[in-house]
Structure formats: C-alpha cells, structure tokens
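Chemist: return atomic coordinates for the entry below.
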Amino acid sequence: MLSALALGFFLSASLGQAETAKQPNILIVIADDLNKDSVGVYGNKDVKTPNIDRLASQGMRFNLTYTSTAMCAPTRQQMYTGLYPVRSGAYPNHSKVKPGTKSLVHYLKALGYRVGLSGKRHFGPPASFPFEQISNKVNPEAIREFIARDKAQPFCLLVTSNSPHVPWSAGDASQYDPAKLTIPPYWVDSPEMRESLTRYYAEITDLDREVGECLKILHETKQEENTAMIFTTEQGAQYPGCKWTCYENGLNVGFIVRWPGQVKPGSVSDAMIHYVDVAPTLVEMAGGQAVKGLDGRSFLGVLQGKTKRHNSVTYGVHTQMNAIGSPPTGYAVRSIRAGKWKYIMNLNHTVMFNNALTKNDKENYWASWVRAAKTDPKAARLVERYLNRPAEELYDLSKDPHELNNLAGREKQAKVKARLKHQLQDWMAGQGDLGQATEMAAKRNRRQ
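Modeler: All right, here's what the predicted structure looks like:
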C-alpha cells in the first residue's frame, strides 16, 4: 500500500511523463475457471475457440503465466492490486483486501484513464476497487457505449465473464460429440466425464463468442489500433487437479496480448510472468512510473521484444478454509516452481481433501471416478491423488508435465527438494505467511 506522500509523488511524476506519450486504451477479457489447455491455441484440438485463437495470431501468447491462488477472489485481487494473496489479505475465497489497499483503478485514473468493468466483481472493499460498473454481466451494448463515449480520453475496461464457471449451461453442448473427445491423462475416462466435457467446452465456445464481440466493437468503433487487448483464463476449471489446487492445471494460466505497433503478431513467449505483474505493467504502458511497494513488476520489455526473460520462480498458495466442503482444520497448500522443478507442501495432509466438487457433484462425473477406482488402478491413483496427499510433492515438469509421478521421496532429488523448500519458506516468511496458522486465521478474517 502507498502512503499519501508516496502516492502523491507517483501521481505527479507519472502524469508528467504521460503527457509526452500516446496512451493506449486497454481492454482485458477475463474468463472464469478455464484450464489453459482447454483453449485451441494452447493445444486443445477438440474445443472451438476461433476468436481467442485469432487474437493470439495477432499478438503474443504467453506459456508461463501464473496466478498464485487457483480461486476466483484471490486471483482477481492479486491481478488488480499487484500484491500476493496473504500479503493483501485476500487469500481465502470470498475474501477482501485489507482496508486502504490501492488497485490499478487508482493508478490508471491518476494517469487520466476512465476505468470500467463489465461483468463479475468478486472483490472488496469497494474503496479499493472503484471501477465504473457499466454492467453486472458481459453486455456488448454497455461495452460499446463505454468504449465510444469519449475518444479523447484513454480507457481501461475489464470484461469479466462468468464462463466457463459451473453450472455449464451456456452454449450448445450438442456441437461436441462425447465419443470423439480426447481425455487427458490426469482425468478418468468415463461416459459421465465425456458428457461433462461437452457442457464445459460449449461454455468455453460461448466465452469465445464474447471475446469476438469485444474484437468486433473495437473494430467498429475504430479503436483497435490504439488498444492493447488482453485475454486471460483466470485459473483452472472445476475439475480434479485444477481449481482449488497448486498443481500446474490450477495455477498456470493462459495469457494473450494484442497491441498493434508494440507487440509482434504471432509471437510466443516463455517468459515467466505473474498476475501480480499485470498492474505494474499496465501502469508503465499508460506512461506511469513504477509503483513502490508492490510484489509485481512490469513485463513491458517482454511485450516489446526487448527481453525474453522476466521471473525465474513462481509461488502458489491455497487456502481451503471458508470453501465449501472444507474440514474444520482447512487444507493449506504452498508451492514453488523454479525451472523444470515443482515442489508442493501439503500442510494439513493427514486429513482428506474435500470441496464442492466432491461434496456436491452437480456435473455428475466425480461419482464415476470413484466407481472406476474400485476396479481400475489408474482411476484409483487419480482419485487418491486428489483426496489423500503426502506431506511433500516434487515433480520434474520436463518429464512429467501432468504431475503424476511424485519424486519427493527419492534420495536422488533430496538436494533439489531441500533447496526449493527453503526458498518457499523464505518467501512465505517475507509475505507474513505462517502456513497452518494463516489457514486457521482465514476463518476469523472472512470479510465477504
């Protein structure tokens, strides 16, 4: 958080700089619970996402973008504030940041922008996120009005979809044949799972329609050439091993940026960026100077092709307290990824992990996993992996990208595990993260 003096210095310095450069408009489309590998341009050959794929062909696709928490409210608030979840206070789901916390709304308004939001909020308190709420759901008419309202003033608009969050009811599931779908190795292949995927994919395709609406509006209002458009997937889907976990399918998200004249069309980046880097990047894009005190830092140099590197490590935080199905002790998970290695600490591993998915399976596929586990060894391993986890997990992602072969008990990897554990614990200490004590504090500190 910035003091009044520091914020005043930031505003005056950045405003002076902004006057000398053309400020781009910014349009950000955020999905809701979308696996990165459920998008065509990220390798899915079944799902139909022509507009997202087209956006990627016109801009830069990032392969190593990370949220630190695979839940909606903590994810969105880290993106908007540039602060990691425990430090900001928004680490359980349905939580809010600490009073007085600033967000990109404050920073961009100070640079002369009008800052709006069409769709899902899931943040608080309102003083920390003073968006102009133009509609409570994605509304093309409201989006068009906001974009076209004043061409002399730059805008930042967040279009925050509710898709593909459960229940998967939007779109046309009949366009997907369950028998022809490809089931990745981290899911159990059952008829119920395939039927579920038709609904999930249909809602992704409907999300893609919303992306197409935004592209069309920018074109028709003649704003596309001076607009940086971003699409991101938010976090993993409500499937096992994705949302509510620190596995790659929960934390590694899709991120695409089209910015005519600045970002090379059709480019692909392996620079590791974090959601906390988004706010400082937008500030620099808008002509502002670096905001002191944030966890994130600008990756504008990556966008402009000046560098291929950014972060070398990423951290994950999961808080099960306050979530549906959480045990009284919660289920704290912490993780670190550095290079090809991923290390996970399950701080409450002696209890069974449960959540809305296992307790209230409205999509009707989890029960098929449990049934299959009685006779199918692979299904049994996948069910066990989700419900009962060891104290430590270590994966070589270059050989095991789906994190199915835990190396934490191998003597050969003992030094790697020790190094990553020490690095993770140091980061936690710097964030004020006490692990299980922080998990339990979430019950007392719930704000929403």
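Chemist: what residue spans form the domains of the chain?
Modeler: 4-311, 316-445 (automatic domain parsing).
Chemist: just the residues contacting stretch 363-372, thanks.
Modeler: Identification of contacts with stretch 363-372 by C-beta atoms under 8 Å, 6 or more residues apart in numbering yields 166-168, 188, 190-193, 195-196, 199, 238, 240, 357-358, 361, 379, 382-383. For the C-beta atoms, the positions are set from N, CA and C on the backbone; glycine is no exception.
Chemist: identify the bridge partners of Ile344.
Modeler: Ser335, Glu393 (DSSP bridges).
Chemist: didn't it look like it was pressed against Glu248?
Modeler: No: with contacts counted by C-beta atoms under 8 Å, Ile344 stays clear of Glu248, the gap being 10.5 Å.
Chemist: grab the nearest non-local neighbour of Leu197.
Modeler: Leu181 (5.4 Å; C-beta to C-beta, 6 or more residues apart in numbering).
Chemist: ditto for His310
Modeler: Using C-beta to C-beta, 6+ apart, the closest residue to His310 is Ala271 (4.3 Å).
Chemist: so that neighbour lies in a helix, does it not?
Modeler: No: Ala271: not assigned to a helix; according to DSSP: H, G, I helix; E, B strand; the rest coil it is strand.
Chemist: surely the residue nearest to Leu197 meets Ser196?
Modeler: No: in this structure, Leu181 is not within contact of Ser196 by C-beta under 8 Å, at 10.1 Å.
Chemist: out of the contacts of stretch 363-372, list just those in helices.
Modeler: Counted as lying in helices by DSSP state H, out of those, are Pro191, Glu192, Met193, Glu195, Ser196, Arg199, Leu357, Thr358, Ala379, Leu382, Val383.
Chemist: of those residues, select the buried ones using a ChimeraX command.
Modeler: Filtering the ones in helices among the contacts of stretch 363-372 down to the buried ones (16 or more other C-beta atoms under 10 Å) takes a single ChimeraX command:
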select :192,193,195,196,199,357,358,379,382,383
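Chemist: include distance to Ala367 and pLDDT when you put the ones in helices among the contacts of stretch 363-372 into JSON lines, please.
Modeler: Shown next, in JSON lines, are the ones in helices among the contacts of stretch 363-372 (distance: C-beta to C-beta, whole Å; pLDDT from 0 to 100):
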{"residue": "Pro191", "distance to Ala367": "12", "pLDDT": "97"}
{"residue": "Glu192", "distance to Ala367": "7", "pLDDT": "97"}
{"residue": "Met193", "distance to Ala367": "11", "pLDDT": "97"}
{"residue": "Glu195", "distance to Ala367": "13", "pLDDT": "97"}
{"residue": "Ser196", "distance to Ala367": "11", "pLDDT": "97"}
{"residue": "Arg199", "distance to Ala367": "16", "pLDDT": "97"}
{"residue": "Leu357", "distance to Ala367": "11", "pLDDT": "87"}
{"residue": "Thr358", "distance to Ala367": "10", "pLDDT": "89"}
{"residue": "Ala379", "distance to Ala367": "12", "pLDDT": "97"}
{"residue": "Leu382", "distance to Ala367": "14", "pLDDT": "97"}
{"residue": "Val383", "distance to Ala367": "11", "pLDDT": "97"}
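Chemist: of all the ones in helices among the contacts of stretch 363-372, which comes closest to Val159?
Modeler: Arg199 (22.5 Å; C-beta to C-beta).
Chemist: just checking, that closest one touches Ser169?
Modeler: Yes: counting by C-beta under 8 Å, Arg199 does reach Ser169; the two are 7.5 Å apart.
Chemist: where do the strands of the stretch 201-350 of the chain begin and end?
Modeler: In the stretch 201-350 of the chain, the strands defined using DSSP state E, counting those that start in this stretch lie at 227-232, 252-258, 267-274, 313-318, 333-338, 341-346.
Chemist: show the pLDDT at Thr281.
Modeler: On pLDDT, Thr281 comes in at 98.
Chemist: mind putting the strands of the stretch 201-350 of the chain into CSV with mean neighbour count, mean pLDDT and distance to Ala56?
Modeler: Compiled in CSV, those are given as follows (neighbours: other C-beta atoms under 10 Å; pLDDT from 0 to 100; distance: least, C-beta to C-beta, whole Å):
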stretch, mean neighbour count, mean pLDDT, distance to Ala56
strand 227-232, 24, 98, 8
strand 252-258, 25, 98, 5
strand 267-274, 19, 98, 9
strand 313-318, 25, 98, 22
strand 333-338, 24, 98, 23
strand 341-346, 24, 98, 25
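Chemist: so who does Ala442 touch?
Modeler: With contact set as C-beta under 8 Å, 6+ apart, Ala442 has these partners: Tyr91, Pro92, Ser95, Thr319, Met321, Asn322, Gly330.
Chemist: where does it land on pLDDT?
Modeler: pLDDT recorded at Ala442 is 90.
Chemist: quick one: the helices in the stretch 301-448 of the chain, in order.
Modeler: 356-359, 366-373, 377-387, 414-431, 436-445 (DSSP state H, counting those that start in this stretch).
Chemist: distance of the closest residue to Leu397 other than its chain neighbours from Asn35?
Modeler: Using C-beta to C-beta, 6+ apart and skipping residues adjacent in sequence, the residue nearest Leu397 is Lys340, 5.1 Å away. If you measure Lys340 against Asn35 using C-beta to C-beta, to the nearest Å, the figure is 21 Å.
Chemist: the two: who's more crowded?
Modeler: Set side by side, Lys340 and Asn35 show more neighbours around Asn35, with 28 against 13, by other C-beta atoms under 10 Å.
Chemist: so which of the strands of the stretch 201-350 of the chain comes closest to Lys102?
Modeler: Nearest to Lys102, of the strands of the stretch 201-350 of the chain and by C-beta to C-beta, is strand 267-274 at 18.2 Å.
Chemist: neighbouring contacts of the closest one?
Modeler: By C-beta under 8 Å, 6+ apart, strand 267-274 touches 59-68, 255, 296, 299, 302, 305, 307-314.
Chemist: can you select the buried ones from those residues in PyMOL?
Modeler: Remark: buried members of the contacts of strand 267-274, expressed as a PyMOL selection using 16+ other C-beta under 10 Å:
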select buried, resi 59+60+61+62+64+65+66+67+68+255+296+299+302+310+311+313+314
